[in-house]
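1. predicted structure and sequence below. I'll ask about it afterward.
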Amino acid sequence: MKKTVLLLLTLLLCVQPLLGAVASEESYSGNLRFAYWGSQRRAEITTEAIDMFLEQYPDLTIDSNIYDWESYWDLMMTYATGNELPDIIQMDIHYLNTYVANNLLMDLTPFIESGVLNVSDMSDGLLESGSIAGNPYAICVGQNSVATIYNKTITDAAGIVIPDFMTVEEYKQVGRDVFEKLGIPTNYAYAKEGDYLEVFCRSAGYDLYTPDGEKFGMPDDSIFRAYFSDIESSVVEGYHIDPVVFVETNATSPDTNPVVNGGTWNLLGHTNNLGQYAAAAIEGADLHLTAFPADNAKLGNYTKPAQFFCITSGSKNPEAAAAFINFWTNSVEANEILLAERGMPASNVVALAIAPLLNISQQRAAEMLVKIGENCSPISPLAPLGATEINTMINELTERICYGDITGDAAGTYLFTEGNTLLQAAYESLQQQ
């Protein structure tokens with residue numbers, strides 16, 4: 001534990017805090033609606049933290065609802081179409097640009113300037129990560145990084161030592177060896193949308209998108225073809241998990257993903273996911289973390305906001321919503337309940353305060369986050385308008401490869417061609433607004 005606290009101190013002292021205002025002591029009333037995605041464990045601790053917040057404001061009520069990842073975004077867009085978005089929504093960095101471009105989120109500057117929303121203990125980088133054109137629309141509620149969750153019980157049984165960083169071929173060789181020795185397959189394809197593709201592109205020296213979001217960041221389809229061909233080879237060689245498994249289970253759910261029951265040795269996820277999957281794992285499954293595979297680890301890796309909280313533009317109680325986000329990010333007591341489940345707290349003060357309370361999975365997540373932070377490059381530009389549709393395209397092409405319906409080469413060419421057409425159209429639409 002002492003090692004974890006020291007590592008966190010090293011990470012957090014690397015950032016300069018902003019000069020900010022103190023929190024507001026106003027009284028709030030009325031109702032707030034709050035929507036987020038996550039696991040059953042997240043629902044339990046979120047409800048407990050909400051109850052703590054409401055103790056301070058007896059005239060305020062909060063209706064909160066949790067969804068799985070995929071249905072969450074579908075439902076939010078349905079709400080947006082009907083101008084019925086909740087007051088506060090949990091936000092992912094891949095969707096932020098799209099929501100801002102469609103005028104669905106409030107600029108949080110007035111709440112920061114008034115002191116209702118205190119960002120004084122948050123680094124410049126984390127505040128900027130939720131900003132568009134210099135205006136903050138989203139407040140980071142946790143830091144994390146993409147990472148592989150793996151079952152050390154399985155890799156130990158196969159006689160394999162997993163290092164903190166692996167090349168793509170080294171990672172695939174682990175999959176081959178585990179399957180040959182134990183008959184347990186690899187989950188190489190089912191990552192959350194474009195996360196692994198982004199690391200794959202960064203490792204080759206390219207961002208997935210250009211800074212203006214007009215097109216993909218590489219000059220031709222060769223990187224995409226290589227990416228999809230790697231997935232195809234794991235399927236053809238026979239050591240990849242059968243895609244039928246994910247017809248009956250949710251690939252992004254900690255409660256049903258095969259990594260928790262020994263159905264696979266690995267999962268391409270995030271550092272802060274470890275605790276959720278460890279809590280759902282069968283007895284004897286010892287879950288650990290390693291970085292995403294990358295031929296150039298420093299170029300490929302990055303740390304990022306795990307999630308944001310945003311206030312929607314249609315909120316009728318925005319100041320109370322800002323006070324809620326302020327409580328979430330700055331209350332040590334609340335974060336003693338939340339315990340970095342959404343990622344290490346963005347507030348340096350809060351992160352150091354809760355470090356001694358972290359369980360073994362949370363310690364491992366914090367330590368891996370520090371290791372990746374020491375061997376990474378700055379985060380890529382925000383995903384542009386059209387990225388949501390690109391992510392859907394990536395998922396569909398990946399699934400088709402796993403079923404043998406398309407080759408890796410054909411998938412890479414299709415994504416590059418059709419994706420660039422989609423991005424160009426979205427870019428032109430944005431310029432006309």
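-> Nice, thanks for sending it over.
2. buried set for the host helix or strand of L352?
-> Using DSSP states H and E, L352 sits within helix 348-354. For helix 348-354, burial by neighbour count (16 or more other CB atoms under 10 Å) applies to N348, V349, V350, A351, L352, I354. (Glycine included, C-beta is placed from N, CA and C.)
3. redo those residues as a markdown table? Include pLDDT.
-> Listed next are these as a markdown table, based on pLDDT from 0 to 100:
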| residue | pLDDT |
| --- | --- |
| N348 | 85 |
| V349 | 90 |
| V350 | 93 |
| A351 | 89 |
| L352 | 86 |
| I354 | 92 |
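4. just put these in TSV and tack on distance to Y171.
-> Converted to TSV, those look like this (distance: CB to CB, whole Å):
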residue	distance to Y171
N348	33
V349	37
V350	34
A351	30
L352	33
I354	32
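5. just give the closest residue to M52, not the sequence neighbours.
-> Leaving aside its sequence neighbours, M52 sits nearest to A334 (CB to CB, 6 or more residues apart in numbering; 5.7 Å).
6. give me the pLDDT value at that neighbour.
-> At A334, the predicted lDDT confidence score is 97.
7. same question, L13
-> We have a pLDDT of 43 for L13.
8. same question for S253.
-> Reported pLDDT for S253: 77.
9. need the contact list for the residue most central in space within the chain.
-> By CA atoms, centre = their mean, the chain has its centre lying nearest to A306, at 4.6 Å. If a contact means CB atoms under 8 Å, 6 or more residues apart in numbering, then A306 has C140, V141, G142, Q143, N144, H270, N272, R342, G343 as its contacts.
10. quick check on E336: phi, psi?
-> phi -70, psi -20 (degrees, to the nearest 10).
11. which secondary structure element contains S361?
-> helix 360-373.
12. helices or strands up against that helix?
-> The helices and strands touching helix 360-373, judged by 3 or more CB pairs under 8 Å, 6 or more residues apart in numbering; DSSP states H and E, are helix 2-12, strand 139-144, helix 274-280, strand 287-290.
13. the ones you listed: lowest mean pLDDT?
-> helix 2-12 - the lowest mean pLDDT of the helices and strands packed on helix 360-373, at a mean of 53.
14. now the element after that helix, going C-ward?
-> Going down the chain from helix 2-12, the next helix or strand is strand 30-37, by DSSP H and E.
15. and the residue nearest to T256 when sequence neighbours are not counted, what does it touch?
-> Among residues not flanking T256 along the chain, T249 sits closest, at 4.0 Å (CB to CB, 6+ apart). Counting by CB under 8 Å, 6+ apart, T249 touches T256, N257, P258.
16. surely the first one is within a helix?
-> No - inclusion of T256 in a helix is not indicated when DSSP: H, G, I helix; E, B strand; the rest coil is applied; the result is coil.
17. and it, how far from Q362?
-> Going from T256 to Q362 by CB to CB, to the nearest Å gives 22 Å.
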